[in-house]
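Asker: Provide a 3D model corresponding to the input given below.
(2 chains, ligands or ions: 1)
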Amino acid sequence: MSSSPSADEIVADKFLEVRAKLLEIAAVLDRVDRTAGENGLDDAARQKRAALQAGIDIVASEGSDRAARLQMLYSREYQADWRETFGMTSS
Amino acid sequence: MDYIDPHIHMVSRTTDDYATLARMGCVAMSEPAFWAGYDRGSVDGFRDYFRQLTETEPARAAQYGIQHFTWLCINAKEAENVSLSRDVIAMIPEFLDCPNVLGIGEIGLNKNTKNEATVFVEHVDLAVKYDQSILIHTPHLEDKYQGTRMILDMLCDDSRVDPDRVLVDHVEEHTIKEVLDRGFWAGMTLYPVTKCTPQRAVDMIEMTGGERLLANSAGDWGPSKPTAVPDLIFEMRQRGLSESLIKKVVYDNPLEFFAKSKRFEFSPRQ
Ligand SMILES: [Zn+2]
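Answerer: Okay, here's the model as predicted:
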């Protein structure tokens, strides 16, 4: 049986794969800038662009839960009062 | 390695897929009732579908030495039609004694609407009344977190529900912990493009330890890969995880969960 890869090995193994993903992101953002007219983005696109930036900030941050934080960034907030909104009572 | 795919939609796969899965080590599968890609017009449309799930698919699977189990319900998308849903729920008991039926599923939420929630609660009531296990679909993308929390709220509201007989599927990094912490089983769905990759699924196995955790391909008529569970097995081996942990996630856990269904009978390969 092979042993668990070390952190050093994970970095070495994944380097090209992650590098390619980063390049993809950089190229998309360049394409957006290049294509945006003088007025820039409309409101909906600006919001989405900001959400991407916020995601990039999470990826660049420290901590062991980046994936979970990214998921929460792209989730609607939990409405604890959903039962009242729907007129449903908890049994 | 022998494995079980606990969530795969074989009605939309070819016989070649059965052959491939058998060659890859699949010995059993469970197929929850789901959306056909169009809204069915009548309760008889569902009756025919349930016959396909309880008669046709087990026979197709058996030709390749695979045991086929199933779960019955009206899915969350079609649950927007509450009156049709009630007719389907009233008809389901006709099939609950079929030998391959494990319970009610995949019930859940899609867009987190009031009608979906209403029909979800009525399905849970059916499951409790007939002593059935439950398999749950959680919404995708930005609706997953709210939908999963709503589903857990509804299940925990009903004191008759035993969390140990409920599998909450399509968990991801932000929902897995709460599902497991509240005593439910959790299923990770492996998709080739848009959702959870085998790599991320193995990260979740490493972080939670694999207790009460299952992995499935959800292979259906959309972009999906029916052989995703063998991909997960391969990734776990690459990470140097033990054969016993791999077997636990892809074989022992599904068997342990299925065994809570009263009709479940399984003959392991000799
Ligand atoms: Zn499904």
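Asker: Please read off the pLDDT at the residue nearest to the spatial centre of chain A from the model.
Answerer: When Cα atoms, centre = their mean is applied to chain A, the residue found nearest the centroid is A:Gly55 (3.7 Å). Among the per-residue scores, A:Gly55 holds a pLDDT of 98.
Asker: Let's verify B:Glu122: helix, strand, or coil?
Answerer: Secondary structure for B:Glu122, judged by DSSP: H, G, I helix; E, B strand; the rest coil, is helix.
Asker: re the thing from before, so the residue nearest to the centre of chain A is in contact with A:Met72, correct?
Answerer: No: counting by Cβ atoms under 8 Å, A:Gly55 does not reach A:Met72; the two are 10.9 Å apart. Where you see a C-beta, it was placed from the backbone N, CA and C, and this is true even at glycine.
Asker: what sits against B:Gly37?
Answerer: If a contact means Cβ atoms under 8 Å, 6 or more residues apart in numbering or on different chains, then B:Gly37 has B:Trp221 as its contacts.
Asker: Can you pull the phi and psi angles for it?
Answerer: phi 100, psi -10 (degrees, to the nearest 10).
Asker: if I look at it, how far off is the ion?
Answerer: 12 Å (Cβ to the ion, to the nearest Å).
Asker: ditto for A:Ala60
Answerer: According to Cβ to the ion, A:Ala60 and the ion sit 35 Å apart.
Asker: any low-confidence regions in the stretch 51-200 of chain B?
Answerer: Per-residue confidence for the stretch 51-200 of chain B (pLDDT under 70) gives these ranges: B:193-194.
Asker: Could you give the number of residues near B:Arg47?
Answerer: 14 (other Cβ atoms under 10 Å in any protein chain shown).
Asker: now the residue nearest to it when sequence neighbours are not counted, what's its secondary structure?
Answerer: Among residues not flanking B:Arg47 along the chain, B:Met91 sits closest, at 6.2 Å (Cβ to Cβ, 6 or more residues apart in numbering or on different chains). Under three-state DSSP, B:Met91 falls in the helix class.
Asker: which ones are touching B:Met91?
Answerer: Contact partners of B:Met91, counting by Cβ under 8 Å, 6+ apart, are B:Val43, B:Phe46, B:Arg47.
Asker: And the first one, what's its pLDDT?
Answerer: Spelled out, it's B:Val43. pLDDT, B:Val43: 98.
Asker: pretty sure it is touching B:Ile89, no?
Answerer: No: judged on Cβ under 8 Å, B:Val43 makes no contact with B:Ile89 at a distance of 9.7 Å.
Asker: higher neighbour count, these two?
Answerer: B:Ile89 (22 against 16).
Asker: right, and the more buried one touches B:Val121 too?
Answerer: No: look at B:Ile89 against B:Val121 with Cβ under 8 Å: they stay out of range, at 10.8 Å.
Asker: Roughly how far does A:Glu38 sit from the ion?
Answerer: Counting by Cβ to the ion, the gap from A:Glu38 to the ion is 47 Å.
Asker: distance of the residue nearest to B:Arg47 from A:Ser61?
Answerer: 52 Å (Cβ to Cβ, to the nearest Å).
Asker: quick one, strands of the stretch 151-270 of chain B?
Answerer: Assigned strands in the stretch 151-270 of chain B, in chain order: B:166-168, B:185-189, B:213-216 (criterion: DSSP state E, counting those that start in this stretch).
Asker: What strands flank the last one, and is each parallel or antiparallel?
Answerer: Strand pairing for strand B:213-216, determined by DSSP bridges: strand B:185-189 (parallel).
Asker: Can you tell me the SS state at the residue in chain A that the ion sits nearest to?
Answerer: Per Cβ to the ion, A:Gln71 is where chain A lies closest to the ion, at 20.1 Å. Using three-state DSSP, the structure places A:Gln71 in helix.
Asker: To what extent is the spatially closest residue to A:Ala54 that is not a sequence neighbour buried, counted in neighbours?
Answerer: Once flanking residues are discounted, A:Ala54 sits nearest to A:Leu73: 5.8 Å by Cβ to Cβ, 6+ apart. Counted with other Cβ under 10 Å, the neighbours of A:Leu73 add up to 14.
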